[in-house]
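Peer 1: return atomic coordinates for the entry below.
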Amino acid sequence: MIRRLRGGKTRIENMPILDKQGNLLCSAGERLERFKEYFNELLNAKVIIDPTTANTIQPKNISPTEKSRQEKPPTIMEVKTALKQMKSGKAPGNDGITVDLLKKQDYRKPQKPSTCYETSYGIGKLSQSMPN
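Peer 2: Residues are numbered from 1 along each chain as shown. Next up, the predicted model:
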């Protein structure tokens, strides 16, 4: 049955499946429709949330020190560590920057990558006027 749903082999075994009223479904099409109906109900369950409950949830306050720490641009060492963990040859993200481009930055001159990363970090895009 799952193979049929998935689009693989079409062999379906004769397993007894009942509809909501308890009737036996004999044809493969009826069984597929029942599976579709079952998973649709299971995964798309309607949930009613009381708006007052949502309004009573207070966001957690963080200290000004922690907030400033989180908002600082990443250091060169943090960027190096993150780049080592990333795979090359992957598609760029929403900002159009590929991992390969970032990995090719020259770390012997610390100002270049720092400027590049801080600019990209701040605006979310790689500037076309960045020096090579």
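Peer 1: what's the first helix or strand after the biggest helix by length in the chain?
Peer 2: Taking DSSP state H as the criterion, the chain has its longest helix at helix 28-43. Downstream of helix 28-43, the first helix or strand assigned by DSSP states H and E is helix 51-56.
Peer 1: how about that next one as PDB, C-alpha atoms only?
Peer 2: C-alpha atoms of helix 51-56 as PDB (Å, rounded to 0.1, in the frame of the first residue of the first chain):
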ATOM      1  CA  PRO A  51      -6.600  33.700  22.300                       C
ATOM      2  CA  THR A  52      -6.300  34.600  26.000                       C
ATOM      3  CA  THR A  53      -4.000  31.700  26.500                       C
ATOM      4  CA  ALA A  54      -1.700  32.900  23.800                       C
ATOM      5  CA  ASN A  55      -1.700  36.400  25.200                       C
ATOM      6  CA  THR A  56      -0.700  35.200  28.700                       C
END
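Peer 1: follow-up on the earlier one: show me what counts as buried in the longest helix of the chain.
Peer 2: For helix 28-43, burial by neighbour count (16 or more other C-beta atoms under 10 Å) applies to 31-32, 34-35. Bear in mind the C-beta positions are built from the backbone N, C-alpha and C, glycine included.
Peer 1: determine which two of the residues you listed are furthest apart.
Peer 2: 32 and 34 (7.3 Å; C-beta to C-beta).
Peer 1: circling back to that earlier point, pLDDT (mean, whole number) over the longest helix of the chain?
Peer 2: Helix 28-43 carries an average pLDDT of 89.
Peer 1: quick one: list the elements packing against it.
Peer 2: The helices and strands touching helix 28-43, judged by 3 or more C-beta pairs under 8 Å, 6 or more residues apart in numbering; DSSP states H and E, are helix 2-6, strand 17-18.
Peer 1: list of residues touching the last one?
Peer 2: Same thing as strand 17-18. Strand 17-18 is contacted by residues 24-25, 30-31, 34-35 when judged by C-beta atoms under 8 Å, 6 or more residues apart in numbering.
Peer 1: out of those residues, which comes closest to residue 90?
Peer 2: Distances from residue 90 to those, taken by C-beta to C-beta, are shortest for residue 35, at 35.3 Å.
Peer 1: from residue 28, how far off is that closest one?
Peer 2: As judged by C-beta to C-beta, to the nearest Å, residue 35 and residue 28 stand 11 Å apart.
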